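>>> Starting from these lines, generate the structure:
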Amino acid sequence: MTIESTRRSVLKGSAIAGMLALAGCTSGSNGGGSSDNGWTPERNVTIVVPWGAGGGTDLAVRQVAEPAAAILEERDVNVQINVENITGAGGLSGASNVLNQPADGHIIFADTNVIAPNIAQEKATFTIDDWVGVCRVQYDTSFIFTTGRDGGGYEDINAFVETAKRETIQFGITGGLDSAAFPVEFGQAAGILDNMEIVSYDDAGQMESDVITGEIDVAYGELVEIRELESEGEVKLLFAGLDKPIEDFEDVPTAKETGWDAQFGVQRALVAKAGTPDEAVSFWTNVVQEAMATDSYKKFESENYLDIRDGFLPGDEHMENVKEQVGLFKTAMEEFRG
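Numbers count the residues shown, from 1 in each chain. Purely as a prediction, here's the structure:
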C-alpha cells in the first residue's frame, strides 16, 4: 500500500528488515566559524523555502536569515537576504526553481523532507548529485504520546509495547512517507512492527484529538507541537527519540534507557545547486553557523525545544545523511507498495 497524505489513511506495518539502520541519526558536530576565503555575494541572495509561510521550516529559515543579514552588514557586504516561499508538488516546485537558476552562490534551498523522499518515490527529476550541502540547521526530537485522560491511554511505554505484541495498535502520523520513518523505526526496534497500523493525517490537530479521545492508541510529534497539551494533561509522553535524558522531561524514557534505538527526527538543512563554488558554500556555512550562535537564534531554539540536540552539521555530512535517507524511504515504499 502506498503512503497517501489523506485526512486519515491506514498503513499496515510489515517486516522492514534493516531499514532503519539507514535512518540518518548522525549527531551534530560543531566546526567551522568565520573565515575569509575571498568570496562574498555580489547581489541579493534568495533562500527558497518549499513550504508555506509560518511553518516550521519557514520560521527556522527566517530566524537564521535575520542575524545572517546583520552579519553581512557588519562586514560591509551590502546585499539583502530574501526568503521566498515557493510551494507545491511536495517541495518539488521550490527545488525546480533553484535548479533552474545559476549555481553561483546567490540562491539557497531549504531542504526539509524534499530531496530524499521525492527521489525515493521517483517523483524527482533531480538526483542527489544535483545538490551540495551548506549545512544542517536543526535536528528535531520525536516524542510518542498517548491520551492523558483518566481511564485511557497507556501507563508507560512498556505497557504500550506489551499490548502491541499481543494485538494490533494504531500509530498516528501527520504527512506521508517521510513521517512514517520514526514509527517504523520504533516498531522494528521494539519488535511490534507486524502489529502496527500507521494512521496518516493531513491535520495535526485532528490527529491529536483522536489520540486524546482514544480513537487511536498513540501518535508522535515534536515537543513544541504537543507541550501545551501535555502540560494540560490532555496527552501523556511515553517515549523520547533521543540517547540522553531531556531537561524538565527526565521522567520520559529515552531510546538509550529502553534499548529501543529509535531516534529519527525532522532535519532542516540548507543546500545549493551542484556546481556552486566551494568558496561560496564555505562562506554560507560559516555565516549560518555564526547566525545560529546569536542570542536571537538561541532564544528561538530554546523556546521551540530545538536545543535538545545539536542542529548544526556540516554540509558534506548532511548530504551523506540524505543518501542514507533515500535508501530508507525506498525500502519503505517497496514494503508498503505490497
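>>> buried residues in stretch 152-165?
Along stretch 152-165, these residues count as buried under the neighbour rule (16 or more other CB atoms under 10 Å): 153-154, 156-157, 160-161, 164. In short, each C-beta sits where N, CA and C put it, glycine included.
>>> what about the strands in this structure?
Secondary structure of the chain, counting by DSSP state E: strands at 9-12, 45-49, 81-85, 107-111, 131-139, 142-147, 169-174, 196-201, 218-222, 235-240, 267-273, 313-314.
>>> As a markdown table, those strands with mean pLDDT, mean neighbour count and distance to Phe182 would be great.
As requested, the strands of the chain are arranged in a markdown table below (pLDDT from 0 to 100; neighbours: other CB atoms under 10 Å; distance: least, CB to CB, whole Å):
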| stretch | mean pLDDT | mean neighbour count | distance to Phe182 |
| --- | --- | --- | --- |
| strand 9-12 | 46 | 17 | 13 |
| strand 45-49 | 98 | 23 | 23 |
| strand 81-85 | 97 | 17 | 26 |
| strand 107-111 | 98 | 26 | 18 |
| strand 131-139 | 97 | 25 | 13 |
| strand 142-147 | 97 | 26 | 5 |
| strand 169-174 | 93 | 22 | 8 |
| strand 196-201 | 90 | 22 | 10 |
| strand 218-222 | 95 | 24 | 6 |
| strand 235-240 | 98 | 24 | 10 |
| strand 267-273 | 97 | 24 | 12 |
| strand 313-314 | 96 | 22 | 19 |
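>>> which one of those lies closest to Asp261?
strand 235-240 (11.6 Å; CB to CB).
>>> gap between that closest one and the chain center?
Centre-to-centre, strand 235-240 and its host chain are 19 Å apart (CA atoms, centre = their mean, to the nearest Å).
>>> The chain should start at 40 in everything you say after this.
Okay, residue one is now 40; in that scheme the one you just asked about reads as strand 274-279.
>>> then that strand to PDB, C-alphas only?
In PDB, the C-alpha atoms belonging to strand 274-279 read as follows (Å, rounded to 0.1, in the frame of the first residue of the first chain):
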ATOM      1  CA  VAL A 274      -1.700  13.900  26.400                       C
ATOM      2  CA  LYS A 275       1.000  11.800  28.200                       C
ATOM      3  CA  LEU A 276       4.500  11.500  26.800                       C
ATOM      4  CA  LEU A 277       5.600   7.800  26.600                       C
ATOM      5  CA  PHE A 278       9.000   7.900  24.800                       C
ATOM      6  CA  ALA A 279      11.600  10.400  23.600                       C
END
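>>> Next, the contact list for the residue nearest to Gly350 when sequence neighbours are not counted, please.
Nearest in space to Gly350, with sequence neighbours left out and distances taken as CB to CB, 6 or more residues apart in numbering, is Gln177 at 4.1 Å. Residues counted as contacts of Gln177 (CB atoms under 8 Å, 6 or more residues apart in numbering) are 99, 305-307, 340, 345, 350.
>>> how far does stretch 324-339 stretch from start to finish?
The first and final residues of stretch 324-339 sit 20 Å from each other (CA to CA, to the nearest Å).
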